[in-house]
Structure formats: structure tokens, C-alpha cells
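>>> 3D model of this:
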Amino acid sequence: MNNQDCIDKISEALASLEQRGEIVLTSVFPEKVSQDIFNAAIKSWLEANIDSQEPIEIGIPYLLEEISNELVRKFSLQVDHAKETTNEYYTKWLQHCSMKEIAEIFYHETPSEMANRAYYSLVLGNEDNRDMKYIDWRMNTKNT
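Next up, the predicted model:
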């Protein structure tokens, strides 16, 4: 089951609860409510399991989707371009790190910061080494 399937199931559950009169949704974007609930649940699960025996790598699809969402939100990339950029950035990391290491780094750095780094590196064509040039760019951009 992919993330969208889970979000759709949450939407169905919320609609059912609303039909039964157990809740009232006043959002004009009920899908956003479902996505926020899904994201909160996944984030909570990741936080609770970061040091457990469960493989943190299973959070990679969630992290990559969040990075794509940040690229769309912060830098106004089209959804397809954001996904391509995220996948290319992840593939570059796979050349040097294990999935577990990537998941830990991406989770620790946050999807927002990884979106900054992916944009700076792949879209703007700079080195992804977080040097002073990157720090200056990040401080001077309104999208941080």
C-alpha cells in the first residue's frame, strides 16, 4: 500500500465519521486533513522506532514524498519535477550510503532541509557539501 492509498483510507474513515455525526469537518481541503493525519502518524512512528529493531529504511518512501512536497511548496517546482529531483538526489546518496544511513540522515536533517539541499545541488547545479556558499544561499533565500 502506498502513501496515497493510506491517505485515501483516512479520508474514507473521516467521511464515515462525519456521516455518522461523530465529527464535523469544516475544511475546504479534506484531503489535506487526511494527509496531515497520515504525516503525523508516520512521523510519530518514526520517532518512536528510530532506535528500535524495526528497520528505519521503511520510512524512506515517506521521507522522499515529504522532500518532494517541500520542493513544490518552497520552490514552486511542478510535482513531476519535484519527484524527479527527489529521486535523483536519493540515488546520488545511494552511491555512498546504505538505505539505513540515508533514512537516518534524511530524518535527522528533516525533509525541509533535504529539499533545500536537493534544490541547491540539482536544480541550481551547486556542490552538495554545505560549505559557506550553501550557508549564505540558505540564509539569503526566503525559502528556508
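
>>> where do the helices of this structure begin and end?
Counting by DSSP state H, the chain has helices at residues 3-19, 30-49, 60-75, 79-94, 99-109, 111-118, 132-140.

>>> any idea of the mean pLDDT for the fifth one?
Along helix 99-109, the predicted local confidence has a mean pLDDT of 88.

>>> which parts of the lowest-mean-pLDDT helix or strand in the chain are buried?
Using mean pLDDT, DSSP states H and E, helix 30-49 stands out as the lowest-scoring helix or strand of the chain, at a mean of 80. Of all the residues in helix 30-49, those buried under the rule 16 or more other Cβ atoms under 10 Å are 33-35, 37-39, 42, 46. Glycine gets a C-beta too; all of them are placed from N, C-alpha and C.

>>> likewise for stretch 67-86?
Buried residues in stretch 67-86 (16+ other Cβ under 10 Å): 67-72, 74-75, 77, 82-83, 85-86.

>>> which single one of the residues you listed is nearest to S112?
Here the nearest of the buried residues of stretch 67-86 to S112, counting by Cβ to Cβ, is E70; it sits at 5.2 Å.

>>> residues contacting the nearest residue to that closest one once chain neighbours are set aside?
Once flanking residues are discounted, E70 sits nearest to A115: 3.4 Å by Cβ to Cβ, 6 or more residues apart in numbering. Applying Cβ atoms under 8 Å, 6 or more residues apart in numbering, we find A115 in contact with 67-68, 70-71, 74-75, 86.

>>> fine, thanks again, bye for now.
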